[in-house]
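> Next input, structure requested:
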Amino acid sequence: MKNVRIQKYLADCGVASRRSAERMVESGLVKINNEVARIGDKIDPETDAVFVSGELIERPEGLHYYILYKPRGYVTTMQDEKGRKCVADLISDIPYRVYPVGRLDKDSEGLLLLTDDGALANRLMHPSSHIEKTYRVTVRPSVSEAQLEKLSSGILIDGLKTAPAIVSVISKEEGRVVLQFSIHEGRNRQIRRMCEAVGLEVARLKRTAIGSVKLGMLAPGAWRELTEKELRVLRSGKNTNPSAENTMPQDTGKNRKQTASNGSRDSRKRRTFSRK
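Numbering: from 1, shown residues only. Model (predicted):
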């Protein structure tokens, strides 16, 4: 078997993402045949023994894929030095060593992918993947056409302009507006910072989809396995826009007709903004 870098091997075994595995190596937690590993070390998975914090790491026989509804108040990590609630607490009954693909900040909620497939995880997190992520964002106090246009065309954050986004209004009430964001980037707290830059306060942020994988009716704190179709589409790199199903309210005839009419106007608006 071909030799592989230690951080890639750890990611492939579902220990952590490749970046987190590098931090483990740098911290001296990883040993190869009882010698402390260094970044860049390669191993032969057939003959070398790899340990993390004294535990022997073995390549899983199969790969596993789940989605989790991360509630607010949980950090996206498998352990937290500060003792905060983390997603590991929610998936203790998953019988495999899976880890989150990407992250949601502590105050956000919604869909997280979990897997022990290091290759797929790294491809999905790489900026070149352009996987569309969809969010339902409640902001205060209200939103103007000028603010929507700025959010859609790009906001300067840390000296770099965000890529064009698709932003539309789902509903409006006095003192608050529910928006839908579809973005391809994944900068730290990106949507919150975009909203702050145009004078909007984010009251709630929920990720509803990654590509064609939708959160659906999954309850907060619950998880399920990906379907074969969902996994096939993720692996193919196709970027299906799930927005129509995520914005449809659960109601009968009249409201469905009204939503469809509004959806058409929103689509025209989104096309206009995304060209800016």
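> Could you list the domains of the protein?
Here the domain parsing of the chain from automatic domain parsing is 4-57, 60-129+213-240, 132-210+242-274.
> top strand in the protein by residue count?
Secondary structure of the chain per DSSP state E: the longest strand is strand 201-210.
> Quick one: list the elements packing against that strand.
When contacts are defined as 3 or more C-beta pairs under 8 Å, 6 or more residues apart in numbering; DSSP states H and E, strand 201-210 packs onto strand 109-115, strand 133-140, helix 190-197. No exception for glycine: its C-beta is placed from N, CA and C like everyone else's.
> In the helix or strand following the second one, which residues are buried?
Meaning strand 133-140. Downstream of strand 133-140, the first helix or strand assigned by DSSP states H and E is helix 145-153. Judged by neighbour count (16 or more other C-beta atoms under 10 Å), helix 145-153 contains these buried residues: 147, 148, 150, 151, 152, 153.
> wait, which of those is closest to residue 18?
Proximity of those to residue 18 (C-beta to C-beta) peaks at residue 151, which lies at 31.7 Å.
> quick one: contacts for the closest one?
165, 167, 181, 194, 195, 198, 273 (C-beta atoms under 8 Å, 6 or more residues apart in numbering).
> so where do the helices sit in this protein?
6-12, 18-26, 118-125, 145-153, 190-197, 228-236, 243-247, 253-274 (DSSP state H).
> what residues does the second one touch?
Taking contacts as C-beta under 8 Å, 6+ apart, the residues outside helix 18-26 that touch it are 6-8, 10-11, 15-16, 30, 37-39, 41, 52, 99, 118, 121-122.
> Max pairwise distance over the contacts of residue 151: which two?
195 and 273 (15.1 Å).
> Comparing these two, which residue is more hemmed in?
residue 195 (23 against 20; other C-beta atoms under 10 Å).
> Give me the distance between that one and residue 208.
Distance check for residue 195 against residue 208: by C-beta to C-beta, to the nearest Å, it reads 17 Å.
> do the same with residue 229
18 Å.
> what's the answer for residue 6, then?
Residue 6 is 36 Å from residue 208, by C-beta to C-beta.
> and if you look at residue 94?
Separation of residue 94 from residue 208 (C-beta to C-beta): 22 Å.
> ok so, going back, which residues sit against the longest strand of the chain?
The list of residues contacting strand 201-210 from outside it, by C-beta under 8 Å, 6+ apart, reads 104, 107-113, 124, 131-141, 176, 191-192, 195-196, 214-215, 234, 242, 246.
> Just the buried residues of the residues you listed.
Neighbour-count burial (16+ other C-beta under 10 Å) is assigned, among these, to 104, 108-113, 124, 131-139, 176, 191-192, 195, 214-215, 234, 242, 246.
> How about residue 78, nearest residue that isn't a chain neighbour?
Spatial nearest neighbour of residue 78, chain neighbours left out: residue 88 (4.4 Å); criterion: C-beta to C-beta, 6 or more residues apart in numbering.
> dump the residue contacts of that neighbour.
77, 78, 79 are the contacts of residue 88 under C-beta under 8 Å, 6+ apart.
> Adding pLDDT, distance to residue 187 and neighbour count, write these out as JSON lines.
Listed next are the contacts of residue 88 as JSON lines, based on pLDDT from 0 to 100; distance: C-beta to C-beta, whole Å; neighbours: other C-beta atoms under 10 Å:
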{"residue": "77", "pLDDT": "88", "distance to residue 187": "18", "neighbour count": "16"}
{"residue": "78", "pLDDT": "87", "distance to residue 187": "22", "neighbour count": "17"}
{"residue": "79", "pLDDT": "84", "distance to residue 187": "24", "neighbour count": "9"}
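> List just the nearest of the residues you listed to residue 225.
Residue 225 has its nearest neighbour among the contacts of residue 88 in residue 78, at 18.9 Å by C-beta to C-beta.
> how about that closest one, what does it touch?
Contacts of residue 78 by C-beta under 8 Å, 6+ apart are 16, 86, 87, 88, 99, 100.
> now do residue 156
Counted by C-beta under 8 Å, 6+ apart, residue 156 has contacts 162, 197.
> quick one on the thing from earlier: nearest to residue 222 among the contacts of residue 88?
Among the contacts of residue 88, and counting by C-beta to C-beta, the member closest to residue 222 is residue 78, at 18.2 Å.
> who wins for neighbours among the contacts of residue 151?
Busiest of the contacts of residue 151 [other C-beta under 10 Å] is residue 167, holding 28 neighbours.
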